[in-house]
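Enquirer: return a 3D structure for these sequence lines:
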Amino acid sequence: MKLAVVLSAVAMLAAAEARADDRPVTSEERAQLVAALQAQGCTGGKMEFDDGKFEVDNAKCSDGRTYDLNFDASFKLLKKDLED
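Expert: Purely as a prediction, here's the structure:
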């Protein structure tokens with residue numbers, strides 16, 4: 001019984017720790033993301049920090065299409081995926 005309680009507590013802590021990495025961007029990060037997006041010819045989108053990288057969902061780009069972009073912690077582009 002004690003083992004089950006301990007395992008349950010460990011699982012809850014692990015889940016809380018995993019969610020702690022997913023957060024909104026700060027105003028300073030947002031300004032840097034806007035600049036990084038503009039360098040890619042894109043604007044807008046939903047911005048967040050998740051799993052050690054910045055994610056911008058549904059950014060509108062100069063080709064008229066919508067993309068999801070991922071940037072590292074230094075705002076370097078990692079991935080640019082076309083939205084379907």
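
Enquirer: check the nearest residue to Asp51 once chain neighbours are set aside and give its pLDDT.
Expert: Once flanking residues are discounted, Asp51 sits nearest to Asp21: 6.1 Å by C-beta to C-beta, 6 or more residues apart in numbering. For glycine as for every other residue, the C-beta is placed from the backbone atoms N, C-alpha and C. The model reports Asp21 with a pLDDT of 76.

Enquirer: so who does Asp21 touch?
Expert: Phe49, Asp50, Asp51, Gly52 (C-beta atoms under 8 Å, 6 or more residues apart in numbering).

Enquirer: by neighbours, which of those wins?
Expert: Phe49 (18 neighbours; other C-beta atoms under 10 Å).

Enquirer: ok, and what's touching the helix or strand where Glu48 lies?
Expert: Secondary structure assigned from DSSP states H and E places Glu48 in strand 46-50. Here strand 46-50 makes contact (C-beta under 8 Å, 6+ apart) with 21-25, 29-30, 33, 54-58.

Enquirer: in three-state terms, label Asn58 for me.
Expert: Going by DSSP: H, G, I helix; E, B strand; the rest coil, the secondary structure assigned to Asn58 is strand.

Enquirer: what about the nearest residue to it once chain neighbours are set aside, how many neighbours?
Expert: Nearest in space to Asn58, with sequence neighbours left out and distances taken as C-beta to C-beta, 6+ apart, is Gly45 at 5.0 Å. Using other C-beta under 10 Å, the number of residues around Gly45 comes to 20.

Enquirer: was I right about Gly45 contacting Ala59?
Expert: Yes: look at Gly45 against Ala59 with C-beta atoms under 8 Å: they come within range, at 3.5 Å.

Enquirer: helix, strand or coil for Val34?
Expert: Assigned with three-state DSSP, Val34 falls in the helix class.

Enquirer: can you pull the pLDDT of the residue lying closest to it once chain neighbours are set aside?
Expert: The shortest distance from Val34 to any non-neighbouring residue, by C-beta to C-beta, 6+ apart, is to Thr43 (7.8 Å). pLDDT recorded at Thr43 is 98.
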